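1. give me a model of this one.
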Amino acid sequence: MAQSISLFFDTSESLVGKDKYLNSPYATAGDRLYMVGHQDGTFPDLGWHIAGEMGGVWAHPIKLMDGFEITVKNKTQSQLLTRASSFVNAPFGNKVVYENVLSDLRITRLQFVPDGKRAVFVELLIENQSDASQDIDLELMGISNLRPTWLGEQANMVDGADQSVFNKRLGVVEVKDSKNPWFLNYGFGNGTSFIKSEGSKKGKPLSKIDKIGKSLTVPANGFVSIPFVISGSLKSKSDANAVFRNTLKKGYFLLKEKSARYNTIEDNSKLTLSDKELEQAFRWVKYNTDWLIRDVEGQGRGLSAGLPDYPWWFGVDNEYTLKGLIATGQKDLVYQTIELIHNFSKKENGNGRVVHEVSTNGVVFNPGNLNETPQFASLVWEVFRWTGDLKFLEAYFPTIEKGLSWLLEENDADKNLIPDGFGMMEIHGLNSEMIDVAAYTAKAFDDASKMAILLKKDTLSKFYQNRASILKQKINSEFWVEEFNSYADFLGTNKQALELIDAAIVRADTLNKPWAEKELVQTKNKVLASAENKKQGYVLYHNWVVNTPMEMQIAEPKKALKALVTAQNFTSPFGMFVTGIDRDEAAGKDEGSFAADKKIFSYTGAVMTLPTGVQAVAENNYGRPNEAYALLKRMCKSFGYALPGSIYEVSPDFGMFAQAWNMYAFGVPLITQFLGINPDAYHQKVTFSPVLPDALENGSLKNVVVGKNIFELSFENSGTTLTYSIIQKGSFDLTFKQPEGKYTDWEINGKPVKPIVIDGVEMVSFSGKVNTLRLKK
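-> Okay, here's the model as predicted:
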């Protein structure tokens, strides 16, 4: 009998799903293959990007199969395993449990995808709960569906009919796409018998259904472990066979390796908090992120956006995600993803413009919205701050330089330094001078100025800094709308505004939001009464992007505080609305399902983790950690709501069940703000500026990598006294900062110190391997 992989599930942290969400999706994920099905063990057609095709087994850029079904038989009974009793999620895999099979059997389906392999290992752990041994037959029905991923036709990937044969020697069904060298294998190995072929799946004439079996005896009050493997190849049958044999033979050891790697993910930037709910959510966000790695031959390796409908690569999603990920020690993955996005952008655009969306076959769907290009510059700078790798900076600075030129030379018709075009908000007509594009552009020029200094381009640095200063001033004057205590959605003329107002009124009316309709009508009347047609700021949708000036710390403090208070009007129990006018009176208390009433896929009315994370970052930037903490706790309400261990893209249970940018929403507020790590690895310096909410009494962060140094931090926060300890393996120069007047007495290692004051901030500098600061009010 094969060595059971159940040991790893028994000894790992795992979470049990809810009965009412057994008919919702999950993933068994690896970097070269993943499997998506329902928690009840079935494989229904699901997803909208390729309608009904986003589930099953994928080895990008192709799909292998829609899934499989298992039937258990004895001499008198037959049972199809269609409704699991429970679903359990572990970081590295999952198990599906079937109780009372043929009355006396309990079957647990354990499954994981080995690192670096196009294969999924499935084990059926069959327990006999009777006092007599049982002879049973297992019947595995595989539904092959070898086909290209999204936009495959643009990459000359033409789907052919699946053709299958049974390889008795290997004990597998071998399936080939008739027009391509795409292969699928599945079977139990030795002891597999062929039963029959059943043609194709209804509605999918190019698919192929085959049934295979295996006979076994389960001892009285005992168990047997039966593995089977699904493998694939993009190039040859021999490759698929080799992967099949290796995975079947070494499944236990492959999971041992994967489990150990996940322990490393946990240990890097290992966060411990007095708030165990927040601690657990962050730990699993790290795991979720790993599920989204796509390593595709001929394209590259990097983080995809989300499962099941966005399993490919996005510029903007990674420009958020990687800022959080670099703080968790995942330097290699960060570098690989940046290289991937950069290479696609260079090939597609060649002018510094950064792509928005690329399928795993290399076809670019959108060559880039305006926000992607400046956000790429700021991402590179943030990663450099953590690594201190000057070669990394030198490699990407030419693209940044080109991109900033492209941004204003080709997208700024009136030459006011504010680019014209779409940013984050995918609402028809919102493509004039958008607030998020302006804010991210200002930050990009500021960051590029710092890069230019290090690269000895002093004149360019001054030029960039000048542009950053002008843009910041414009954001705080031209985009600020005092009437709403908010930054504007966009700058535009009366004519542009009227068209958008009419569209927004239709939306508000359709969604039955009378308060929003009333506000929009008032705005329309003011525009109609105005004789001027000059460009000005308009607040129409209350989109979340109006908070990006605070996220980028560009907003003037007085305006920022007003805008942060305004933003609180557009929250639900789960976080920030994407579009504020979608909010209604129930939003403040409704904690129910978002998915329940959705007949077609739509983000209208959505509350998302990215806007909520952006808002948390913004709150911390202006000394409001209690408000930031409250937003993180709102996101925690979505943790495990539908899929145990995961936070959906749209709160609490809609859209992607695993979403990359959650790493930004949690990682940046927790590590760089609450714990206060501000790295400068190149100069071997770290500044600590913790912004701690009252609710966090204590915590620690271990194995934090900054350059070639490793830090361990801990804090105790009583309200009147902050004790903050720093241990470093290296010898970086350290600085500790707090707002002027927050604490009256400062000590380092038990000795009183007097901080210096610069621009309203008190600070002390020190060095040494171990230091403890104690600050008292």
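2. what residue of the protein is the furthest out?
-> Ala132 (49.4 Å; C-alpha atoms, centre = their mean).
3. secondary structure class for it?
-> coil (DSSP: H, G, I helix; E, B strand; the rest coil).
4. what about Ser78, neighbour count?
-> Ser78 has 11 neighbours, counted by other C-beta atoms under 10 Å. C-beta coordinates here come from the backbone N, C-alpha and C atoms, glycine included.
5. report the beta-bridge partners for it.
-> Lys73 (DSSP bridges).
6. which other helices and strands contact the helix or strand Gly699 falls within?
-> Taking DSSP states H and E as the definition, Gly699 sits inside strand 698-706. Where contact means 3 or more C-beta pairs under 8 Å, 6 or more residues apart in numbering; DSSP states H and E, strand 698-706 is packed against strand 270-273, strand 677-680, strand 709-717.
7. so which of those strands is nearest Lys457?
-> strand 677-680 (19.3 Å; C-beta to C-beta).
8. so for that closest one, what gets flagged as buried?
-> Residues of strand 677-680 classed as buried: Ile677, Pro679, Asp680 (neighbour count, 16 or more other C-beta atoms under 10 Å).
9. for the first one, what are its contacts?
-> Residues counted as contacts of Ile677 (C-beta atoms under 8 Å, 6 or more residues apart in numbering) are Ala327, Ile671, Val686, Phe688, Leu701, Val704, Val706, Phe711, Leu713.
10. now for those, which pair is the farthest apart?
-> Between all members of the contacts of Ile677, the farthest pair (by C-beta to C-beta) comes out as Ala327 and Phe688, at 13.6 Å.
11. which of the two has more residues huddled nearby?
-> Between Ala327 and Phe688, counted using other C-beta under 10 Å, the more crowded position is Ala327 (26 against 21).
12. kindly provide the distance from that one to Lys249.
-> Shown here: Ala327 relative to Lys249, a distance of 39 Å by C-beta to C-beta, to the nearest Å.
13. one more: Gly492?
-> On the measure of C-beta to C-beta, Gly492 and Lys249 end up 64 Å apart.
14. mind telling me what element Lys346 is part of?
-> Using DSSP H and E, Lys346 sits within helix 331-348.
15. which stretches of the stretch 551-700 of the chain form strands?
-> Taking DSSP state E, counting those that start in this stretch as the test, the strands found in the stretch 551-700 of the chain are 571-572, 575-576, 658-659, 677-680, 685-688, 698-706.
16. give me the sheet partners of the fifth one and which way each runs.
-> Each strand that strand 685-688 pairs with, and the sense of that pairing, follows from DSSP bridges: strand 677-680 (antiparallel), strand 733-739 (parallel).
17. with the longest one instead?
-> For strand 698-706, the paired strands and their directions (DSSP bridges) read strand 270-273 (antiparallel), strand 709-717 (antiparallel).
18. need those in a markdown table with mean neighbour count, can you?
-> As requested, the strands paired with strand 698-706 are exported to a markdown table (neighbours: other C-beta atoms under 10 Å):
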| stretch | mean neighbour count |
| --- | --- |
| strand 270-273 | 19 |
| strand 709-717 | 19 |
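19. I'd like those strands as a markdown table, with mean pLDDT and distance to Val364 appended.
-> As requested, the strands paired with strand 698-706 are arranged in a markdown table below (pLDDT from 0 to 100; distance: least, C-beta to C-beta, whole Å):
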| stretch | mean pLDDT | distance to Val364 |
| --- | --- | --- |
| strand 270-273 | 98 | 37 |
| strand 709-717 | 98 | 39 |
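20. can you redo the ones you listed as JSON lines with distance to Tyr98?
-> Shown next, in JSON lines, are the strands paired with strand 698-706 (distance: least, C-beta to C-beta, whole Å):
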{"stretch": "strand 270-273", "distance to Tyr98": "36"}
{"stretch": "strand 709-717", "distance to Tyr98": "45"}
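21. figure out which of these is closest to Val757.
-> strand 709-717 (22.6 Å).
22. what does that closest one contact?
-> Residues outside strand 709-717 that contact it (C-beta under 8 Å, 6+ apart): 675, 677, 681, 684, 686, 688, 690, 692, 694, 696-704, 722-730, 732.
23. if we can go back for a sec, quick check: the residue farthest from the centre of the chain touching Pro219?
-> No: using C-beta atoms under 8 Å, Ala132 is not in contact with Pro219; the gap is 9.4 Å.
24. what's the per-residue pLDDT of Asp509 here?
-> pLDDT for Asp509: 84.
25. quick check: closest non-adjacent residue to it.
-> Glu517 (5.5 Å; C-beta to C-beta, 6 or more residues apart in numbering).
26. how much space separates that neighbour from Gly492?
-> Relative to Gly492, and taking C-beta to C-beta, Glu517 is found at 20 Å.
27. out of these two, which sits in the busier spot?
-> Taking neighbours as other C-beta under 10 Å, Glu517 and Gly492 compare with Gly492 leading, 24 against 19.
28. how about that one, nearest residue that isn't a chain neighbour?
-> Ser432 (4.5 Å).
29. same check, this time on Ser14
-> Ala90 (4.3 Å).
30. contacting residues for the one you found?
-> Phe8, Phe9, Ser12, Glu13, Ser14.
31. how about 7 Å then?
-> With contact set as C-beta atoms under 7 Å, 6 or more residues apart in numbering, Ala90 has these partners: Phe9, Ser12, Ser14.
32. show me where the stretch 301-450 of the chain has its helices.
-> Counting by DSSP state H, counting those that start in this stretch, the segments of the stretch 301-450 of the chain that form helices are 315-325, 331-348, 372-387, 390-409, 435-454.
33. make JSON lines from the ones you listed and add mean pLDDT to it.
-> Shown next, in JSON lines, are the helices of the stretch 301-450 of the chain (pLDDT from 0 to 100):
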{"stretch": "helix 315-325", "mean pLDDT": "98"}
{"stretch": "helix 331-348", "mean pLDDT": "98"}
{"stretch": "helix 372-387", "mean pLDDT": "98"}
{"stretch": "helix 390-409", "mean pLDDT": "98"}
{"stretch": "helix 435-454", "mean pLDDT": "98"}
